[in-house]
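J.: Next input, structure requested:
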Amino acid sequence: MSRPILIFLLLGALILGQMPCRADAGTSPSGFVIINRATVKLSDLFHHLGPAGDQPVGAAPLPGQQIIVPATQRAVIATRFHLALKNPPHNAVVIRRSGQAVPIARLQAALTPALAAAGAPKQAVISLVNTQSPMIPPGTQPMITTTDLRFNPSTHNFSATLVITAPGMGLEPISVNGSALPSVSVVIATHTLQPGEVLTGADIVMARVPRSGVPAHPVRDIITALGMQVQREINAHEPLPERALASPLLVRKGALVELVLHMPGITISAHGVALAAGSAGDVIAVLNPNSQAVLQAIVRGPDRADVVPGSVATHQQRPNPYYRAAEVQ
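T.: Numbers count the residues shown, from 1 in each chain. Model (predicted):
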């Protein structure tokens with residue numbers, strides 16, 4: 001326990017302990033006590049005090065922190081409050097105060113207007129270095145004030161003091177430093193994407209990222225990316241390059257496809273073997289395994305293609321490696 005807290009506990013005991021508190025108290029609790037208030041009470045240090053246990057002894061630790069009250073200190077407090085103990089205290093008590101972490105995003109939001117006033121880029125991406133989230137009482141909302149801000153426009157680095165308070169706690173200053181970098185709005189991955197995945201709304205999101213970390217030709221809108229197929233692994237929160245996406249393959253080389261020929265008043269369908277892979281709208285060569293004729297066809301759907309109007313059939317001049325595969329299928 002820090003010396004200031006120990007002195008505060010002693011002073012509280014001296015002042016409040018003038019009121020008699022005759023009680024047949026036990027020396028427990030022992031070990032670990034969790035509280036959610038700004039003061040330490042007698043009942044946190046001793047059991048079986050009844051209403052007298054509500055008397056404050058001193059200030060509680062800050063949210064998320066703890067103090068240790070050794071046995072000797074408990075004995076002093078018992079004497080000052082005129083407690084009649086069955087046994088002298090022989091163990092320390094750890095008093096921990098509940099706390100909830102302030103989200104880093106709240107700290108960044110508090111810094112934003114101060115950085116803008118100091119000349120930081122508009123809509124800068126604010127990054128904090130080695131900053132541990134401060135704690136506040138559970139169920140409360142923090143009030144954060146930025147002071148002592150220093151911003152370097154050449155490096156975009158800054159340092160500042162954030163003064164944090166919330167109901168049930170005093171002012172708590174913390175020092176922060178980081179960077180406020182120029183940014184652009186691009187599409188990023190919400191999780192790691194694997195090659196072959198077809199993008200949905202759950203896979204991508206718009207975000208502002210530092211301009212220096214954006215690849216050449218990034219994807220800049222969600223609509224462009226939806227339904228596209230990933231060509232390489234993309235890490236979570238990584239901007240999507242256009243070259244890493246392609247239209248999904250609807251026909252694979254060697255696959256048996258349905259060929260459709262549209263003619264005035266009639267539609268003819270047959271099956272053929274794709275001699276090339278293709279996405280929607282691609283023109284690929286398709287082999288008729290019976291006649292060995294090769295037609296040009298437009299990919300329209302999964303394993304489906306329309307014969308190009310006016311397409312002239314050509315013939316294979318060498319053995320067809322797909323013929324047997326087509327027969328098996």
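J.: and the next element down the chain from the one helix or strand P173 maps to?
T.: According to DSSP states H and E, P173 maps onto strand 169-181. Using DSSP H and E, the helix or strand that follows strand 169-181 towards the C-terminus is strand 183-189.
J.: Could you give the average pLDDT over the strand holding P173?
T.: The average of the pLDDT scores along strand 169-181 is 95.
J.: Ok, stretch 264-282 next?
T.: 88.
J.: what's the first-to-last distance across it?
T.: Stretch 264-282 stretches 24 Å from its first residue to its last (CA to CA, to the nearest Å).
J.: how about that stretch: buried residues?
T.: Neighbour-count burial for stretch 264-282, counted by 16 or more other CB atoms under 10 Å, picks out 270, 272-275, 278, 282. C-betas here are computed from N, CA, C, even on glycine.
J.: For the protein, which segments are assigned as helices?
T.: Secondary structure of the chain (DSSP state H): helices located at 3-16, 71-80, 104-117, 222-225, 323-328.
J.: So for the third one, what gets flagged as buried?
T.: The neighbour-count criterion (16+ other CB under 10 Å) identifies 106-108, 110-111, 114-115 as the buried residues of helix 104-117.
J.: Can you tell me which of these is closest to V257?
T.: Q108 (52.9 Å; CB to CB).
J.: now the buried residues of helix 104-117 as TSV including distance to L240 and pLDDT?
T.: Formatted as TSV, the buried residues of helix 104-117 follow (distance: CB to CB, whole Å; pLDDT from 0 to 100):
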residue	distance to L240	pLDDT
R106	28	96
L107	28	97
Q108	24	96
A110	31	96
L111	28	97
A114	33	96
L115	28	97
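J.: First-to-last residue distance for stretch 204-215?
T.: 16 Å.
J.: gap between it and the chain center?
T.: 15 Å (CA atoms, centre = their mean, to the nearest Å).
J.: ditto for stretch 229-246
T.: Worked out by CA atoms, centre = their mean, stretch 229-246 lies 19 Å from the chain centre.
J.: Which parts of it count as buried, going by neighbours?
T.: Using 16+ other CB under 10 Å as the test for burial, stretch 229-246 gives 229-230, 234, 238-242, 244-245.
J.: for stretch 59-78, how far is the first residue from the last?
T.: Start-to-end, stretch 59-78 (CA to CA) is 17 Å.
J.: Please disregard the earlier target; I meant stretch 160-180.
T.: Start-to-end span of stretch 160-180 (CA to CA) is 12 Å.
J.: Quick one: residues in contact with it.
T.: The contact list for stretch 160-180, computed with CB atoms under 8 Å, 6 or more residues apart in numbering, reads 37-38, 62-63, 102, 107, 110-111, 114-115, 120-121, 124-129, 131, 134, 136-137, 140-151, 155-159.
J.: let's see 6 Å
T.: Identification of contacts with stretch 160-180 by CB atoms under 6 Å, 6 or more residues apart in numbering yields 38, 115, 120, 124, 126-129, 131, 134, 136-137, 140, 142-149, 156-159.
J.: Would you write a PyMOL line that selects the buried entries of those?
T.: To isolate the buried ones among the contacts of stretch 160-180 in PyMOL, judged by 16+ other CB under 10 Å, type:
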select buried, resi 38+115+120+124+126+127+128+131+134+136+137+140+142+144+146+149+156+157+158
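J.: pLDDT weak spots in this structure?
T.: Applying pLDDT under 70 to the chain flags the ranges 1-30, 312-329.
J.: I'd say G64 and G99 touch.
T.: Yes - between G64 and G99 there is a contact under CB atoms under 6 Å: 3.1 Å.
J.: what touches both of those two?
T.: Looking at what touches both G64 and G99 (by CB under 6 Å, 6+ apart), the common residues are M135.
J.: higher neighbour count, these two?
T.: Comparing G64 with G99 by other CB atoms under 10 Å, the one with more neighbours is G99, at 21 against 17.
J.: Who are the contact partners of that one?
T.: Counting by CB under 6 Å, 6+ apart, the residues that G99 touches are 63-64, 135.
J.: switch to 8 Å and redo it
T.: With CB under 8 Å, 6+ apart, G99 has these contacts: 62-65, 135-138.
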